[in-house]
Structure formats: structure tokens, C-alpha cells
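Engineer: sequence-free structure coming up:
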């Protein structure tokens with residue numbers, strides 16, 4: 001199933017990669033690979049992740065404290081947010097269509 005990503009989620013991803021690379025060179029690239037693996041899991045099993053609202057699901061990354069918030073649509077998946085789980089967990093909700 002195809003995945004599209006909202007610009008806000010792309011920005012969150014970019015900021016997280018930069019933050020991890022600033023903390024430890026190369027760690028941002030490990031984070032990026034982990035997010036890519038998470039997106040692959042979502043694509044392969046779109047209905048497997050718990051619902052966190054009526055129209056959104058969350059799939060956690062395995063090695064980092066981030067969740068991918070997405071909507072499973074009829075023929076595609078829309079990534080709404082890439083959220084650090086210790087930050088405001090509701091900031092993505094205005095992005096739900």
C-alpha cells in the first residue's frame with residue numbers, strides 16, 4: 001500500500017534526524033533507518049497498529065521513543081506525524097481529515 005507523508009511529519013522527521021546527529025554523529029542516520037523500517041511495517045500491515053483516535057493509528061519505532069501516527073485509507077496510508085512520545089501527544093490531532 002502506498003504511503004504519503006504530510007509536510008509537518010516530514011519536518012518532524014528532519015528535525016529529529018538533525019537532533020540525533022548533533023548528539024552523536026551518525027545516530028540520526030540510524031534513526032532515519034529505523035523510521036524507514038517502521039514505515040515498511042505500516043505498509044505491510046496497515047491495520048495491525050492500535051487506534052489512537054477514530055481515524056488514526058500509531059506504530060512505534062523499535063529503538064527510539066517515536067511513534068508514526070497515520071491514517072489508513074481505502075487505497076493508501078497518510079502519515080500525519082512523527083511524534084516523540086514524551087512531548088505533547090495531541091499536537092497532531094488537527095491534521096486528521
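Structural biologist: All right, it came through fine. Values in this document were obtained by computation on a predicted structure and should not be read as measured data.

Engineer: what sits against residue 17?
Structural biologist: 28-29, 31-32 (C-beta atoms under 8 Å, 6 or more residues apart in numbering). Where C-beta positions appear, they are placed from N, C-alpha and C, glycine not excepted.

Engineer: got the contact list for the spatially most central residue of the chain?
Structural biologist: With distances taken as C-alpha atoms, centre = their mean, residue 68 lies nearest the centre of the chain, 2.2 Å away. Contacts of residue 68 were listed using C-beta under 8 Å, 6+ apart, and they are 35, 38-39, 42, 58-61, 79, 81-82.

Engineer: switch to 10 Å and redo it
Structural biologist: 3, 5, 9, 13, 35, 38-39, 41-42, 49, 57-61, 77, 79-83 (C-beta atoms under 10 Å, 6 or more residues apart in numbering).

Engineer: re earlier: just the buried residues from the contacts of residue 17, in PyMOL please.
Structural biologist: In PyMOL, a selection of the buried entries from those looks like this (16 or more other C-beta atoms under 10 Å):
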select buried, resi 28+31+32
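
Engineer: secondary structure and distance to residue 72 for the contacts of residue 17 - can I get that in JSON lines?
Structural biologist: Below are the contacts of residue 17 laid out as JSON lines (DSSP: H, G, I helix; E, B strand; the rest coil; distance: C-beta to C-beta, whole Å):
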{"residue": "28", "secondary structure": "helix", "distance to residue 72": "28"}
{"residue": "29", "secondary structure": "helix", "distance to residue 72": "28"}
{"residue": "31", "secondary structure": "helix", "distance to residue 72": "24"}
{"residue": "32", "secondary structure": "helix", "distance to residue 72": "23"}
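
Engineer: now the contacts of residue 17 in JSON lines, with distance to residue 96 and pLDDT?
Structural biologist: Listed next are the contacts of residue 17 as JSON lines, based on distance: C-beta to C-beta, whole Å; pLDDT from 0 to 100:
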{"residue": "28", "distance to residue 96": "28", "pLDDT": "98"}
{"residue": "29", "distance to residue 96": "30", "pLDDT": "97"}
{"residue": "31", "distance to residue 96": "25", "pLDDT": "98"}
{"residue": "32", "distance to residue 96": "25", "pLDDT": "98"}
